[in-house]
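# Make a model of this:
(one chain, ligands or ions: 1)
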Amino acid sequence: MSTLMDADTIARNRAMNYFASHERLWLFGYGSLIYKVDFPFLQRRPAIIRGWARRFWQGSHDHRGTPAAPGRVVTLVESAGAVCQGMAFEITPAVFEHLDHREKNGYLRVVVDAEFEGGAREEALVYIAGPDNPAYLGPASEVEIAAQIDRAVGPSGPNREYLLHLADALRDLGAEDAHVFELERAVRRQGNRALFR
Ligand code: SIN
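You can find the predicted model right below:
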């Protein structure tokens, strides 16, 4: 069996039944789940989680790249004092089947505390791809990450589209994210240079 198949987390996520008895629960989205909402939800609200930083450290072999030339997508990395801004969606457990399939390349369901404007807090589920999953790529310089994003294309489209949509969505939320905005600038610079090649 290939290591990529080992990255398939559907079975492990199905066995995670923390929210199974809940009629509704909060899902915290911090990457494509913010801007590509292809699942039903009851309401959505901007939210933050503390102690996690958004990083383009996860490989994408299935959506924004291929097994031979993976792209890079975001995951969360534990980081004391960090604040990750995203969007919380109230969903029903019926939506897990779709989400587990969509996030199957290394992401596991994790329970975190989400904080809403005004300070109210709720437990929320978040999909995180940890350093022990086979698709994990880990840190690299922003120049290298931007170059890889600029090259990669997968069944869901060009990797740069994922980055640019995410940067736009974060701007709409009024979010701060030096890592994402630096990558956005680098990819746009590379795109401008490509016009003159
Ligand atoms: C998320 O958006 O919350 C998870 C990562 C992704 O699907 O891009």
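# Need the phi and psi values for the residue lying closest to Q190 once chain neighbours are set aside.
Spatial nearest neighbour of Q190, excluding adjacent residues (C-beta to C-beta, 6 or more residues apart in numbering): D150 at 4.8 Å. Quick note: C-beta positions are derived from backbone N, CA and C, even for glycine. With angles defined as degrees, to the nearest 10, D150 sits at phi -60, psi -30.
# residue contacts, D150?
By C-beta atoms under 8 Å, 6 or more residues apart in numbering, the contact set of D150 is 159-160, 187, 190-191.
# Out of these, which end up buried?
Buried members of those, counted by 16 or more other C-beta atoms under 10 Å: 159-160, 187, 190.
# Closest to the ligand out of those residues?
Distances from the ligand to these, taken as C-beta to the nearest ligand atom, are shortest for N159 (11.5 Å).
# what helices or strands is the longest helix seen in the chain leaning on?
The longest helix of the chain (DSSP state H) is helix 178-195. Judged by 3 or more C-beta pairs under 8 Å, 6 or more residues apart in numbering; DSSP states H and E, helix 178-195 is in contact with strand 43-60, helix 142-151, helix 159-172.
# could you give the angle of that helix to helix 142-151?
Helix 178-195 and helix 142-151 are oriented at 60 degrees to each other (axes from the mean of the first three to the mean of the last three C-alpha atoms, to 10 degrees).
# what residues does the protein put near the ligand?
Contact residues, the chain versus the ligand (C-beta under 6 Å from any ligand atom): 29-33, 73-74, 103, 127.
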